[in-house]
Every structure is written in C-alpha cells, then in structure tokens.
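Engineer: dropping the sequence and predicted coords here.
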Amino acid sequence: MRRLKKILKWTGIALLLLVATIVLVVLCRQNLHYSAPYPDITASTDSTVIERGKHLVFGPAHCINCHNNSNPDSLIEKGLPVSLSGGFAFRLPVGTIYSRNITPDKETGIGNFTDSQIARALRYGVHPDGTAVYDFMPFHNMSDEDLRAVISYLRSQKPVSNPVPSHELNTMGHLVKAFLIKPVGPEGTPPASVKEDSTAAYGKYLALSVAECSSCHTKRDLSGAYLGEPFAGGNEIEGYMTPNLTPDSSGRIARWTQQDFIARFRKGRLVPGSPMPWNAFGRMSDTELKAIYNYLRTVKPAKTPTLH
Ligand code: HEC
Ligand code: HEC
C-alpha cells in the first residue's frame with residue numbers, strides 16, 4: 001500500500017513537471033523572431049501607380065474586405081468614405097484574430113513602418129517586429145510592380161486612428177502558434193512585373209497570387225493543407241460549400257462561356273451571406289475576368305470531391 005502511494009506520488013510529480021515544461025516551452029515560443037530579406041520596393045507618388053494600387057486594393061486583391069470593420073461594400077455603394085483601418089475579427093477555433101490598421105496613422109497604423117518592412121510582411125510573412133504573420137493573405141508571389149503600386153496607394157490614404165485589439169488566442173491557439181505557425185514566403189523568385197492582358201498566364205497570376213480563388217475552391221483540412229485537386233471545390237467555408245471550377249463535366253462552370261462568366265461577376269452576391277468577396281471581384285475589368293476564365297479552362301479537369 002505504502003509502495004503504491006509512493007509510485008502514485010512520483011508519477012504525479014513527474015506528470016506535473018512534464019506539464020510545467022510544456023507550458024514553459026509553449027510560452028517561450030509565443031514570440032519567435034524570424035529573419036527574411038527586405039524587398040527593394042519603395043512607394044511612388046505617381047498617380048498612375050497609385051491608381052493601379054487602388055484598383056488592386058478594392059478589386060482583385062480585396063484588401064478592403066478584410067481590413068475594414070464595417071460593411072465596406074454598402075459604404076462604397078452609398079459613396080461614403082471607407083478606410084483600411086482594420087479591426088475585423090476572424091473568430092476561429094484557435095481564437096480571435098484581428099486584421100490590422102493599414103492606414104498611415106503613426107500610433108495605430110503602418111505610419112512608422114518603412115516601405116520595405118510592409119513589402120516584407122506581404123511577401124515573406126514576417127512582421128516589422130520579426131514575428132510571423134498569420135497566413136491570411138496570398139500575396140507572396142505578387143510582382144514587384146504590383147506590390148509597389150499597393151504600398152503607394154497605402155501611403156496615399158488619409159491616416160485613421162483606430163487601435164486594433166491584440167489577437168486573443170485560446171490554449172489550442174497558443175499551442176498552434178508555438179509549434180505550427182511559421183512565416184510563409186514566395187515560391188521561387190516573384191516576377192518583377194506581369195503583363196496585364198486576357199491570357200491564361202495573367203489569369204493564373206490573378207487566381208493564385210492576387211485574388212486567391214484557389215484557397216477557397218480547393219478542399220483543405222483544418223490546418224489549411226490542401227487535400228483535393230486544385231479548383232475542384234468541395235471546401236466548406238462558414239457553412240457554404242465552394243463549387244468545382246475545373247473544366248470537368250461535374251464542374252459548375254463547365255458549360256459557361258466567357259460571356260456567362262463575366263456576366264456572373266457583374267451580378268454580385270446571389271447567395272446571401274456567401275463568404276466570396278463578390279463585390280470586390282465585381283470591380284475587376286473584363287480583361288481580368290477573361291484572363292481568369294481562360295486560366296480556369298487550362299486547369300486539370302477533376303471531379304468534385306465527396307463530402308468528408
Ligand atoms: C483574407 C483577409 C485579408 C486580406 C484579403 C488582406 N489582409 Fe492584410 N491582414 C489580414 C490579417 C488577419 C492580418 C493580421 C495578421 C497578423 O497579425 O499576423 C493582416 C495583416 C496585414 C499587414 C501587417 C500589418 C502589421 O501590423 O504588421 C499588412 C501590411 C497587410 N495586412 C496589408 C494588406 C494589404 C495591402 C492587402 C491587400 C493587397 C491585404 N492586407 C489583404 C487579413 C487580410
Ligand atoms: C473566401 C472564399 C472564396 C474566394 C476567395 C473565392 N470564392 Fe468563389 N465561391 C465561394 C463560395 C462559398 C461559393 C458558393 C456560394 C456563392 O455562389 O456565392 C463560390 C462560388 C463561386 C462561383 C459560382 C457562382 C454561381 O453562381 O454558381 C464561381 C464562378 C466562383 N466562385 C469563382 C471564383 C473565382 C474566379 C475566384 C477568384 C477570383 C473565387 N471564386 C474566389 C468562395 C470563394
């Protein structure tokens with residue numbers, strides 16, 4: 001009996017020590033610092049460059065959808081001012097993540113960041129303070145020219161003071177942050193510039209590195225890793241199932257002409273509450289939509305995956 005008690009006592013102490021060590025390791029790994037190159041990108045005050053940036057921010061790159069905490073689409077429709085002042089809360093199983101204020105405000109925005117610090121955050125996923133950026137944004141392979149246009153537009157905005165709360169992670173969130181979150185960077189060397197035309201090549205660039213059609217329209221697991229064939233759909237987001245965009249006969253757009261595709265984007269959101277940023281994508285030009293359509297015609301035909 002005494003022996004059993006002793007064994008239990010020491011097992012208890014060992015377990016306690018183990019838990020304490022894990023807690024300590026997790027805490028120490030909460031603010032790991034990473035190094036990554038600073039892209040040689042400087043903002044321009046040229047109005048054509050700023051216009052291009054604005055088009056990307058409100059259109060294909062849809063920054064406005066995540067970096068605004070009101071209903072940006074309804075404000076834009078009413079002609080009311082809308083800013084990239086952040087604070088939008090993403091409520092996830094790991095906790096609540098807030099988008100940042102990316103107006104030039106010095107205290108609460110990006111006013112004190114250099115152009116290359118902003119470019120590094122977007123391209124290499126490393127914040128100016130060296131910590132990893134949660135991978136919400138797909139711009140790692142955005143061209144130098146477009147990154148410069150976007151940052152030039154960011155610099156041209158009116159500063160808006162809006163203190164955004166710090167992220168609130170739960171226990172699972174802290175564990176995920178300690179062991180799984182790392183900066184995500186580009187594949188290969190991002191292009192200096194990309195020709196804007198209606199070819200599949202430009203469509204591929206828009207679909208993968210700017211508008212991120214792939215990440216919603218491909219089946220993924222909880223950690224975000226891809227499970228299914230690219231663009232074959234079957235991915236559930238906030239209770240909405242994404243359709244298959246490949247040319248397979250089971251695909252939603254298999255029989256759509258280029259004109260049908262453009263017309264669909266001009267209609268905007270038809271399924272109420274759909275998480276797809278229809279309004280921002282509806283601001284894309286005919287040329288951009290043609291390019292995406294042409295690219296989707298070249299992806300491997302794949303059957304829609306069955307549920308779970
Ligand atoms: C799908 C949602 C989403 C889209 C689209 C998006 N962002 Fe973000 N962005 C976020 C979130 C969430 C964070 C916070 C990440 C973190 O703190 O690690 C963030 C962080 C940032 C940061 C880092 C700020 C800092 O304080 O370090 C910058 C810069 C940024 N975004 C710029 C942009 C620009 C420019 C665009 C469009 C070209 C854009 N974002 C589009 C969600 C988004
Ligand atoms: C944030 C996730 C998300 C992103 C990003 C996204 N989609 Fe979707 N998409 C959805 C969801 C969910 C649906 C189903 C609900 C609906 O029709 O709105 C959908 C539906 C569609 C449809 C079918 C519409 C219909 O009426 O049948 C097409 C076409 C489409 N998406 C194309 C695209 C393209 C092209 C892109 C990139 C430019 C894209 N999507 C980016 C989530 C997304």
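Structural biologist: Okay, I see it. Residues are numbered from 1 along each chain as shown. Ligands and ions are numbered 1, 2, ... in the order given.
Engineer: going forward, measure contacts between C-alpha atoms and count neighbours the same way
Structural biologist: OK.
Engineer: roughly how far does the residue nearest to Ser85 when sequence neighbours are not counted sit from ligand 2?
Structural biologist: Excluding its sequence neighbours, the residue lying closest to Ser85 (Cα to Cα, 6 or more residues apart in numbering) is Asn101, at 4.1 Å. Using Cα to the nearest ligand atom, to the nearest Å, Asn101 is found at 20 Å from ligand 2.
Engineer: and what of Ala43?
Structural biologist: Ala43 is 26 Å from ligand 2, by Cα to the nearest ligand atom.
Engineer: over to Ala192?
Structural biologist: Distance, Ala192 to ligand 2, using Cα to the nearest ligand atom: 22 Å.
Engineer: not counting sequence-adjacent ones, nearest residue to that residue?
Structural biologist: Asp144 (4.7 Å).
Engineer: does the residue nearest to Ser85 really touch Gly87, like I thought?
Structural biologist: Yes - the pair Asn101 / Gly87 is scored as a contact, 6.8 Å apart, by Cα atoms under 8 Å.
Engineer: okay, and the common contacts of these two?
Structural biologist: With contacts defined as Cα atoms under 8 Å, 6 or more residues apart in numbering, the residues adjacent to both Asn101 and Gly87 are 67, 162-164.
Engineer: among those residues, which one is most surrounded by other residues?
Structural biologist: His67 (23 neighbours; other Cα atoms under 10 Å).
Engineer: and the pLDDT for that one?
Structural biologist: We note a pLDDT of 97 for His67 in this prediction.
Engineer: ok, it - contacts?
Structural biologist: 84-88, 99-102.
Engineer: how near is it to Glu187?
Structural biologist: 25 Å (Cα to Cα, to the nearest Å).
Engineer: and the pLDDT at the residue nearest to the spatial centre of the chain?
Structural biologist: With distances taken as Cα atoms, centre = their mean, Met137 lies nearest the centre of the chain, 2.3 Å away. pLDDT, Met137: 94.
Engineer: which residues are in contact with it?
Structural biologist: Counted by Cα under 8 Å, 6+ apart, Met137 has contacts Leu122.
Engineer: just the element for the residue nearest to Arg29 when sequence neighbours are not counted, please.
Structural biologist: Spatial nearest neighbour of Arg29, chain neighbours left out: Ala178 (4.8 Å); criterion: Cα to Cα, 6+ apart. Element membership of Ala178 [criterion: DSSP states H and E] is helix 171-179.
Engineer: I'd like to know how far Glu145 sits from ligand 1.
Structural biologist: For Glu145, the distance to ligand 1 - Cα to the nearest ligand atom - is 13 Å.
Engineer: with adjacent residues omitted, what lies nearest to that residue?
Structural biologist: Ser193 is the one closest to Glu145 (Cα to Cα, 6+ apart), at 5.3 Å.
Engineer: with Thr131 instead?
Structural biologist: His33 (4.8 Å).
Engineer: the one you found against Pro128, yeah?
Structural biologist: No - with contacts counted by Cα under 8 Å, His33 stays clear of Pro128, the gap being 10.2 Å.
Engineer: more neighbours, these two?
Structural biologist: With neighbours defined as other Cα under 10 Å, His33 and Pro128 compare such that Pro128 has more, 18 against 14.
Engineer: which secondary structure state is assigned to that one?
Structural biologist: Recorded secondary structure, Pro128: coil (DSSP: H, G, I helix; E, B strand; the rest coil).
Engineer: pLDDT wise, what is it at?
Structural biologist: At Pro128, pLDDT is 97.
Engineer: ok, Leu17 next?
Structural biologist: pLDDT recorded at Leu17 is 92.
Engineer: over to Ser223?
Structural biologist: Each residue has a pLDDT score; the one for Ser223 is 69.
Engineer: outline the domain layout of this structure.
Structural biologist: 47-179, 200-296 (automatic domain parsing).
Engineer: and the first one, how far apart are its ends?
Structural biologist: By Cα to Cα, the extent of domain 47-179 from end to end equals 44 Å.
Engineer: get me the contact residues on the stretch 101-250 of the chain for ligand 2.
Structural biologist: Contact residues (Cα under 6 Å from any ligand atom) of the stretch 101-250 of the chain with ligand 2: 207, 211-213, 216, 240-243.
Engineer: contact partners for the residue nearest to Thr131?
Structural biologist: Contacts of His33 by Cα under 8 Å, 6+ apart are 129-132.
Engineer: what's the answer for Phe113, then?
Structural biologist: By Cα under 8 Å, 6+ apart, the contact set of Phe113 is Pro128.
Engineer: can you pull out the low-pLDDT segments for this structure?
Structural biologist: Residue ranges of the chain with pLDDT under 70: 223, 307-308.
Engineer: show me where it has strands.
Structural biologist: 89-92, 95-98, 168-169, 236-237, 240-241 (DSSP state E).
Engineer: now those strands in CSV, with distance to Lys158?
Structural biologist: Output for the strands of the chain, formatted as CSV (distance: least, Cα to Cα, whole Å):
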stretch, distance to Lys158
strand 89-92, 23
strand 95-98, 21
strand 168-169, 28
strand 236-237, 33
strand 240-241, 36
